[in-house]
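Peer 1: the sequence and its predicted three-dimensional model are supplied below.
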Amino acid sequence: MADYNYDKFSSGEYALSKFHAPELGGKAPDFALDDLDGGTQNLLDFDTEFLVLEIGSITCPLFQSRRKTMTSLVDKFDNASFAILYVREAHPGSHLPQHKTKADKIGNARALRDADGEGRRILVDDISGAAHARYGKYPNAVFIINRNGCVLFRADWNNPVATGKALAALSAGKPATGMGMFVPPKPPVAIKTLKDAGPGAVPDFLKSLPSLIWNNLIKRNWRVLTGRVPKVLPDAQC
């Protein structure tokens, strides 16, 4: 547990060369998770055609940069449910440190809802990150899952434009489009997110920046450009 809930960010925390998550067309794992009102909900408990599941935390600049566009998708696609799996803090600092207890984790998730105004359903992973591990362990991955529990679309890093295009294709009865290119966080959002996390978050981020640029903007985006994505129909069985 201590290894998972790191106090200082390092790009070495992420297996950037391999996304260990449910494959396209595969079964999405379900979990009973804490909600923000003292109860529990099953992750895959939804009554629309699709579930859009995004991984995030209040200290993740990428997640925070995507929220406005993801909210616009909520308004656009009434055939989809949207949920956030709240995981470990991507960039902990002295103001928003890494979680020591489940109460810490739920408290930060509530701050995302109450202070930052996040309106999507937020479900909180356990303190050891069991659900996060099954969904790839990246800080801002995204998945689209159908009522059969099958993964129709996945991306190690959420590009909300690509996610929207995937939803549009699936809504039209077609396979989802590709995961899209990695897009860095918006600088003003990234600066604010790291500053809000508190002292310690900025220098840890800057130390890992060269590695993040090489692995994501260059290597990962090249793999996306040259790779092929299996085509999975919206009503897939798995």
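Peer 2: Everything's here; your move. Computed from a prediction, not measured in an experiment: that's the story for all the values here.
Peer 1: hey, let's count contacts and neighbours off CA atoms from now on
Peer 2: OK.
Peer 1: contacts only, for the spatially most central residue of the chain.
Peer 2: The centre of the chain sits closest to residue 55, judged by CA atoms, centre = their mean, with a distance of 2.1 Å. By CA atoms under 8 Å, 6 or more residues apart in numbering, residue 55 lies in contact with 63, 84-87, 132, 138-142.
Peer 1: which of the three states applies to it?
Peer 2: With DSSP: H, G, I helix; E, B strand; the rest coil as the basis, residue 55 sits in strand.
Peer 1: let me see the contact set for residue 53.
Peer 2: For residue 53, the contacting residues are 82-85, 142-145, by CA under 8 Å, 6+ apart.
Peer 1: quick one: which of the contacts of residue 55 sit in strands?
Peer 2: Mapping the contacts of residue 55 onto strands (DSSP state E) picks out 84-86, 142.
Peer 1: check those and tell me the two furthest apart.
Peer 2: The two members of these with the most space between them (CA to CA) are 86 and 142, at 12.3 Å.
Peer 1: which residues does stretch 111-129 contact?
Peer 2: Stretch 111-129 has contacts (CA under 8 Å, 6+ apart) with 1, 4-5, 33-36, 41, 43, 57-58, 67, 71, 82-88, 99-102, 105-106, 109, 131-132.
Peer 1: what separates residue 126 from residue 52, distance-wise?
Peer 2: 20 Å (CA to CA, to the nearest Å).
Peer 1: and the helices in this structure?
Peer 2: According to DSSP state H, the chain carries its helices in the segments 61-76, 102-114, 130-134, 160-171, 187-197, 201-212, 221-226.
Peer 1: buried deepest among the ones you listed, which one?
Peer 2: Among these, the stretch with the highest mean neighbour count (mean count of other CA atoms under 10 Å) is helix 160-171, at a mean of 20.
Peer 1: mean confidence for that one?
Peer 2: Averaged across helix 160-171, the pLDDT comes to 98.
Peer 1: so it versus helix 61-76, what angle?
Peer 2: Angle, helix 160-171 to helix 61-76, by axes from the mean of the first three to the mean of the last three CA atoms, to 10 degrees: 40 degrees.
Peer 1: other SSEs contacting helix 160-171?
Peer 2: helix 61-76 (3 or more CA pairs under 8 Å, 6 or more residues apart in numbering; DSSP states H and E).
Peer 1: between the contacts of residue 55, which has the most around it?
Peer 2: Ranked by the number of neighbours (other CA atoms under 10 Å), the contacts of residue 55 place residue 87 first, at 30 neighbours.
Peer 1: state the distance from that one to residue 221.
Peer 2: 25 Å.
Peer 1: repeat that for residue 43.
Peer 2: Distance, residue 43 to residue 221, by CA to CA: 30 Å.
Peer 1: one more: residue 23?
Peer 2: From residue 23 to residue 221 the distance is 19 Å (CA to CA).
Peer 1: about what we covered before: tell me which of the contacts of residue 53 is nearest to residue 172?
Peer 2: Within the contacts of residue 53, proximity to residue 172 (CA to CA) peaks at residue 144, which comes in at 14.5 Å.
Peer 1: give me the pLDDT for that closest one.
Peer 2: Looking at residue 144, the pLDDT reads 98.
Peer 1: count of neighbours near it?
Peer 2: By the criterion of other CA under 10 Å, residue 144 has 27 neighbours.
Peer 1: list the contacts for it?
Peer 2: Residue 144 makes contact with 50-53, 151-154, 167, according to CA under 8 Å, 6+ apart.
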